[in-house]
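Engineer: Just need the structure, nothing else, for what follows:
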Amino acid sequence: MRAVLFDMDGTLVDSEKLWDISLAALYEYHGGRLTPEVRASMVGGSAEDTIRTVYTDLGLDPDPAAMAESDRWLHEYTAQLFDGGLPWCAGARELLEALAAEATPMALVTNTQRALTKRALNSIGEHYFSVSVCGDEVPRGKPAPDVYQRAAALLGRDPSECLAIEDSVTGTTAAETAGCPVLVVPNDVAVPSGPRRRQISSLTEVSVAQLRRTYTELSSQLGERTA
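Structural biologist: Numbering: from 1, shown residues only. The predicted structure is shown next:
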């Protein structure tokens, strides 16, 4: 394990609950109501996919200018919520501190746009990460592998040398497609099991040594399957 690549929303900070608020407000603005089922389908998605889902669900005309304005409105609303402070997911800060103490390179890998990620990093602490990659900095956001491929490249590592930590189906798919073994910590939405992923219920359950064992075990299984 030469590096650890962290998702942000729902993995390090419990910001999905703030997105719940801003997305519900966007629906109300358009005269609709966000259902739990539709909200669950958005978890981990890119900004473009989220706005596309909103417009399809509400039956709105998918006018590019209107969708761009909705995206701007949603992110400004969410930024105000982020500025109030982001609650840590259990065990996340302690794990970052432990990895930093061992000088393990870390990257933040998120579908959230750069402007909003910068606001979030004010709460999380930018100093933990050697690099960060955002959904608006690559051709395709998660579930495409682009953000993970770019993060590994910026660290000078192959994705297979990096353990990804994710909370969503979308993010796990992106990390696996890039070639990373994945530690899954589901937040609001269940994530199916798979041969390239290991699941735990909270980051309080793992030490750095356990992360390394998980990486080694998953990498060994992958090697057996490709041999």
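Engineer: which residues touch the closest residue to residue 183 other than its chain neighbours?
Structural biologist: Closest residue in space to residue 183, ignoring its immediate chain neighbours: residue 165 at 4.9 Å, by CB to CB, 6 or more residues apart in numbering. C-beta coordinates here come from the backbone N, C-alpha and C atoms, glycine included. Counting by CB atoms under 8 Å, 6 or more residues apart in numbering, residue 165 touches 4, 5, 6, 7, 11, 182, 183, 185, 203.
Engineer: now, among the residues you listed, which is nearest to residue 214?
Structural biologist: Taking CB to CB as the measure, residue 183 is the one of the contacts of residue 165 closest to residue 214, at 5.8 Å.
Engineer: From what I see, the closest one and residue 200 are in contact.
Structural biologist: Yes: using CB atoms under 8 Å, residue 183 makes contact with residue 200 at a distance of 6.8 Å.
Engineer: Find the residues that touch each one of those two.
Structural biologist: Taking CB under 8 Å, 6+ apart as the contact rule, residue 183 and residue 200 both touch residue 206.
Engineer: part of a helix, is residue 214?
Structural biologist: Yes: going by DSSP: H, G, I helix; E, B strand; the rest coil, the assignment for residue 214 places it inside a helix.
Engineer: Kindly state the pLDDT recorded for it?
Structural biologist: For residue 214, the pLDDT comes out at 96.
Engineer: how about the strands of this structure, start to end?
Structural biologist: Assigned by DSSP state E, the strands in the chain fall at 3-6, 106-110, 131-134, 162-166, 182-184, 197-199.
Engineer: right, and those strands - which one's nearest residue 72?
Structural biologist: Here strand 131-134 is closest among the strands of the chain (CB to CB), at 16.0 Å.
Engineer: ok, residues contacting the closest one?
Structural biologist: Identification of contacts with strand 131-134 by CB under 8 Å, 6+ apart yields 107-114, 117, 121, 126, 147, 150-151, 154-155.
Engineer: Relative to it, what are the paired strands and their orientations?
Structural biologist: Here strand 131-134 is paired, per DSSP bridges, with strand 106-110 (parallel).
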